[in-house]
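Peer 1: I'd like to go over a predicted model; first the sequence, then the structure.
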Amino acid sequence: MSIFFGKKAAQYIFFEMLPSFIVGLLVFISIILMFQVLRLTEFALVHGVSIRTIGEIISYVIISLLPALFPMALLFSVLLTYGRLSQDSEIVAMKASGLPMTTLLMPAVILALLVGTISAQMSFNIAPWGNRQFEVMFSRISDTKAGAVIKEGTFSEGFFDMVVYANKVDSEKGILKNVFIYDEKSGDIPLTIISKQGEIIPDPDKPGHEVLLRLKDGEIHRQAKTHTKISFETYDVQFSAPLNIGEKKKSPQSLTLSEIEKRLTEDFSKDKEMERTLRTEYHKRWAISALCLVFALIGVGLGTTTNRRAAKAGGMILCIGLIILYWVLYIAAEGAARGGSLPVTVAVWTPNILFAGLGFEALRRNWD
């Protein structure tokens with residue numbers, strides 16, 4: 001009879017967590033989008049992006065962030081569910097009925113394993129794809145709108161991989177005044193171009209891929225063994241980006257796990273910083289996936305408290321506090337890993353280990 005009751009209790013707790021997990025995921029997605037409002041507004045007003053394109057950008061951002069949102073939603077769900085059960089004395093009643101703590105813990109562990117598996121697949125393959133789509137779309141928008149990356153009185157990078165300076169920028173018409181361009185990819189010898197005026201003319205047939213930069217009244221300087229200076233009235237520069245997404249260089253965040261593993265087999269004797277970045281990214285994918293189980297242990301440990309006042313304090317507030325604390329530690333650890341002040345494995349996994357210790361300690365106090 002106790003086995004049957006234990007199975008029913010586990011099912012009851014498990015299905016109590018599912019709705020709150022979905023609600024938590026939607027809440028955290030909404031919070032993330034709130035922080036992106038200014039950026040999305042800039043896309044609409046400055047870049048002239050359509051509502052459909054903004055919708056695509058939002059979807060790519062959400063996909064790229066889902067692996068990190070899953071553990072947060074899980075913590076919210078477990079804290080909220082077990083906190084309510086504790087507040088209503090259902091945890092006490094289940095223990096009084098002879099149910100061991102392992103039975104009460106099992107639903108959260110099962111949900112954590114399911115969510116962790118989904119999060120891992122998202123982190124390894126799908127999220128990098130979403131991040132990649134966002135990178136390419138942002139690049140295309142930036143390349144066709146000078147005001148997106150070229151700011152008045154500022155040396156700006158990102159316009160077809162050039163350094164551009166302009167005293168005045170008309171983002172609507174694509175007009176630049178008093179232009180300075182440094183192009184180090186024009187061959188073995190970099191070019192420096194100075195012009196009184198420039199005009200960005202995108203190709204309507206290949207938006208984001210083909211752009212004509214028409215310069216007027218300027219000079220071209222080339223410094224080799226001798227200095228060469230060429231004056232011009234009109235100078236057209238044709239810029240192009242690969243039409244194929246796969247031809248554009250990927251950032252580490254856009255690499256799948258298998259691609260990172262393949263890259264790590266290369267010789268990094270001359271680029272230790274890139275090696276640390278790739279190793280950090282590799283361990284980060286696994287650590288975020290394992291975080292689901294860590295957060296489940298913490299949620300059960302803190303949620304099954306018998307202190308009714310603590311239970312009434314609010315699972316959401318406790319959840320937000322724990323998440324902020326974790327990410328502060330995580331960002332500091334990731335910076336230490338990328339900077340080389342700590343071994344990558346030690347730095348990336350330290351926040352998980354500390355929070356796992358917190359979870360086990362909270363469980364120990366409520367185990368009996």
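Peer 2: Received the coordinates, thanks. Remember, predicted model here, so these are calculated numbers, not experimental data.
Peer 1: pLDDT value on the nearest residue to L329 once chain neighbours are set aside, please?
Peer 2: Excluding its sequence neighbours, the residue lying closest to L329 (Cβ to Cβ, 6 or more residues apart in numbering) is P351, at 4.2 Å. Where C-beta positions appear, they are placed from N, C-alpha and C, glycine not excepted. In this prediction, P351 carries a pLDDT score of 94.
Peer 1: do A127 as well
Peer 2: Reported pLDDT for A127: 93.
Peer 1: How many residues are close by it?
Peer 2: When neighbours are defined as other Cβ atoms under 10 Å, A127 has 25 of them.
Peer 1: Mind telling me what element it is part of?
Peer 2: Element membership for A127, per DSSP states H and E: helix 127-144.
Peer 1: before we move on, what about N178?
Peer 2: Using DSSP H and E, N178 falls in strand 175-183.
Peer 1: if we can go back for a sec, residue contacts, the residue nearest to L329?
Peer 2: A287, Y326, L329, Y330, A333 (Cβ atoms under 8 Å, 6 or more residues apart in numbering).
Peer 1: what about the residue nearest the centre of the chain, is that helix, strand or coil?
Peer 2: Nearest residue to the geometric centre of the chain (Cα atoms, centre = their mean): L65, 5.0 Å. Under DSSP: H, G, I helix; E, B strand; the rest coil, the three-state class of L65 is helix.
Peer 1: That one against L33, yeah?
Peer 2: No: in this structure, L65 is not within contact of L33 by Cβ atoms under 8 Å, at 9.9 Å.
Peer 1: would you say T234 is within a helix?
Peer 2: No: the assignment for T234 (three-state DSSP) gives strand, which keeps it out of a helix.
Peer 1: OK, contacts around it?
Peer 2: T234 neighbours (Cβ under 8 Å, 6+ apart): R214, L215, K216.
Peer 1: Which residue comes closest to G301 once chain neighbours are left out?
Peer 2: Distance criterion Cβ to Cβ, 6+ apart; nearest residue to G301, sequence neighbours excluded, is A362 at 2.6 Å.
Peer 1: Determine the number of other residues adjacent to that neighbour.
Peer 2: A362: 19 neighbours (other Cβ under 10 Å).
Peer 1: So for the helix or strand where it lies, what gets flagged as buried?
Peer 2: For A362, the host element (DSSP H and E) is helix 344-365. Using 16 or more other Cβ atoms under 10 Å as the burial criterion, the residues of helix 344-365 that qualify are 344, 347-352, 355-356, 358-359, 362-363.
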